[in-house]
Structure formats: structure tokens, C-alpha cells
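S.K.: Quick one: sequence plus predicted model below, questions after.
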Amino acid sequence: MLAQTVRYKPGDRVEVDVIMAGAPERGMWRAGAVKSLDTEAREVIVATDGATDNGGRNIGIPFQSAAKWIRPSAQPPPTTAPSAAGAPPRSPVPQAKAPAAGTPSAAPAQPSAAQPQGILACPIDQPKVAQGSRPDQQLLSKVIRCLFEVQAQSAAERSIKIDIHSLEIGNSRDCIPREDFGCGLSGHKLFPALVRWTKTDYYAYSIQWSDNESVFNCFVNAFGKWECGLGQRIRDGRLQTRER
């Protein structure tokens, strides 16, 4: 059985590359523990630590790629305060916060039935920056939203709204034109952004939405403006729908 070739077992402390990069030096490594070995899906399920991975999550790594995207970790598990009356400790539940202006928003429990508010007028205005500049998180979130957002011009047309819940900018690296989507010229500095986001489509009689997690590759183009492209799909959420 293929699971027998995996060196890890449930409970092992590990680090997992949450973007599953092509090379270890490009990875975004997060500490966690092996939760299970899913023989049906042929994946190692790693539960990342909430304190260092924005609340924690379960990540499935294919058995054949475990040696590439999982490595042993000497980092101890996070401590949890004991519960009252001797009950087992409970994982903290992230509390939603009202989004500040211009920052990634908190996830809505359900999209509003009204016409969407706050859709950007794309493309957005950008100040000119030098090649290789460190990106601004707020600006980058707008650039990524403009890849999808659309404001309907009539009741018969569809509006698309993007809500960004978290955006983490990784370390820069050189663009590899044949491997990186839309990264410009060889040698351009590429910044990967790990993004959790919701895409909501507002139709005339229904609303559809999905919660997603992706890596967007961002760089400064020849005109000194930031561009981003979808570099890797980590999780495409289930499409949900309801009537308006």
C-alpha cells in the first residue's frame, strides 16, 4: 500500500509548504501536525498551527509529494490553556472583525441580497514604482480584486464582487517565464501572495458564491505598475447559490 511508503504518521510534528511551490526555497512553510493518512484520497492530511497560520487549516498533500512538501519540525505544539471543570481544551474560534477601510474584509456569513456595494472602478489608479519594489498589501488586494470584479450596468447583467479575507505576501524571487504565469521578463522580481477570498456573482434572480484559497503572482510591469495573475489554486470552495 502506498501509505506505507510515507514516512509520517498521525501526531508527527511537521512543516508543510502551504503553496506547494516548485522548489523548497520558494515555499511558504507552516508548522503543524499530521492529522491522518487518507488512503482513499491518497493524501497526508496536515493540520497547521492556528497561531502561525491565521487560525489553522487542514492541508492535503499527495502521498507521492510528501517528501517534497512536508518536512520534519522540531517546533513544539502550541500550548492551550486548560478548560474549566477538567474538560478537554478547545481550539480558539476566530472572531470576525469589521474590516477597516482599504484592508482585506472579514468573511460574510452570507452575501446580501441587495446590489453589491464597494465594487472597484477597475483598472485602479496606481503610483509608478521601481522594478523590484516591495508591494503594498492594500494596493495589491485591489489589483487582485480587479482581476474579477465587475459592476453591472443594468439589472439584466451580472455583477461580481470579491472579498479578500487575508493576504500574505511571500519572499520575492526571480520570474521564470516558462513556469510562472504572466510574470514578465526573466529576472523580474516576483512576489507570491497567499490569498483567502470569496467570489460572489450577483445575477438577476440568484446569488452564487464560493470561498477560495489561491496564490497570486505579482510583479511590476514595464510601465511601473503592479500586475497580478493567478499562479496556483490551493482550494476552490463549493459553489453555493440562493434566490434573490
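M.R.: Arrived safely.

S.K.: any idea which helix or strand carries Phe216?
M.R.: strand 206-220 (DSSP states H and E).

S.K.: for that strand, which positions count as buried?
M.R.: Using 16 or more other Cβ atoms under 10 Å as the test for burial, strand 206-220 gives 207, 209-220. In short, each C-beta sits where N, CA and C put it, glycine included.

S.K.: Kindly report the same for stretch 38-54.
M.R.: For stretch 38-54, a neighbour-count test (16+ other Cβ under 10 Å) marks 43-50, 53 as buried.

S.K.: so what's Val150 bridging to?
M.R.: Beta-bridge partners for Val150, by DSSP bridges, are Ile160.

S.K.: sorry, back to before: listing partners with orientation, what would you give for the strand holding Phe216?
M.R.: Strands that pair with strand 206-220, judged by DSSP bridges, come out as strand 189-202 (antiparallel), strand 226-236 (antiparallel), strand 240-243 (antiparallel).

S.K.: Now distance to Ala130, mean pLDDT and mean neighbour count too, for those strands, in TSV please.
M.R.: Output for these, formatted as TSV (distance: least, Cβ to Cβ, whole Å; pLDDT from 0 to 100; neighbours: other Cβ atoms under 10 Å):
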stretch	distance to Ala130	mean pLDDT	mean neighbour count
strand 189-202	10	92	22
strand 226-236	12	89	16
strand 240-243	42	87	11
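
S.K.: Spell out for me which residue occupies the centre of the protein.
M.R.: The centroid of the chain falls nearest to Val195 when counting by Cα atoms, centre = their mean (3.0 Å).

S.K.: Tell me the predicted confidence for Asn221.
M.R.: Asn221 carries a pLDDT value of 86.

S.K.: What of Gln95?
M.R.: The model reports Gln95 with a pLDDT of 39.

S.K.: ok, now Pro77?
M.R.: 84.

S.K.: which secondary structure element contains it?
M.R.: Using DSSP H and E, Pro77 sits within no helix or strand.

S.K.: Break down the protein into its strands, ranges please.
M.R.: Counting by DSSP state E, the chain has strands at residues 13-17, 29-38, 43-48, 58-62, 70-72, 159-169, 173-174, 189-202, 206-220, 226-236, 240-243.
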